[in-house]
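Trainee: sequence below, structure please.
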Amino acid sequence: VLEFSQIPNDLMQKAYDLYSFNVIPKMGKVIANDSESYQYLVESIRKFPDQETFASMIRTAGFDNVKYRNLTMGIAALHSGWKI
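Mentor: Just a heads-up that it's a prediction; the model follows:
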């Protein structure tokens, strides 16, 4: 599962939040004439569980060998697990 995620570094997370909440919706307005969808995207990213919590949820769902790999400093994370 590839998902937007939480940056483990607090300072970088604050900088990314500033960018996300202020720039992404404006870019959505200019490029797609739709700032609301991009505002929703940013808000949903912030509500998504952090990497460890999501990995735990995957384990609870019955998957084994659960792991994740942060991409782009944790802006996105690739989660995997096995269910046999």
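
Trainee: ok, the closest residue in space to Asp34 that isn't next to it in sequence to Lys83 distance?
Mentor: Leaving aside its chain neighbours, Asp34 sits nearest to Gly28 (5.5 Å; criterion: Cβ to Cβ, 6 or more residues apart in numbering). Where C-beta positions appear, they are placed from N, C-alpha and C, glycine not excepted. Gly28 is 36 Å from Lys83, where distance means Cβ to Cβ, to the nearest Å.

Trainee: those two: who's more crowded?
Mentor: Neighbour count, other Cβ atoms under 10 Å: between Gly28 and Lys83, Gly28 has more, with 19 against 10.

Trainee: touching, that one and Asn22? I think so.
Mentor: No. Between Gly28 and Asn22 there is no contact under Cβ atoms under 8 Å: 11.9 Å.

Trainee: quick one, helices of this structure?
Mentor: 10-22, 24-32, 35-47, 51-60 (DSSP state H).

Trainee: can you put these in a markdown table and add mean pLDDT?
Mentor: Listed next are the helices of the chain as a markdown table, based on pLDDT from 0 to 100:
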| stretch | mean pLDDT |
| --- | --- |
| helix 10-22 | 95 |
| helix 24-32 | 96 |
| helix 35-47 | 95 |
| helix 51-60 | 98 |
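
Trainee: compare the ones you listed and give me the one nearest Val1.
Mentor: Minimum separation from Val1 across the helices of the chain (Cβ to Cβ) falls at helix 51-60, 7.9 Å.
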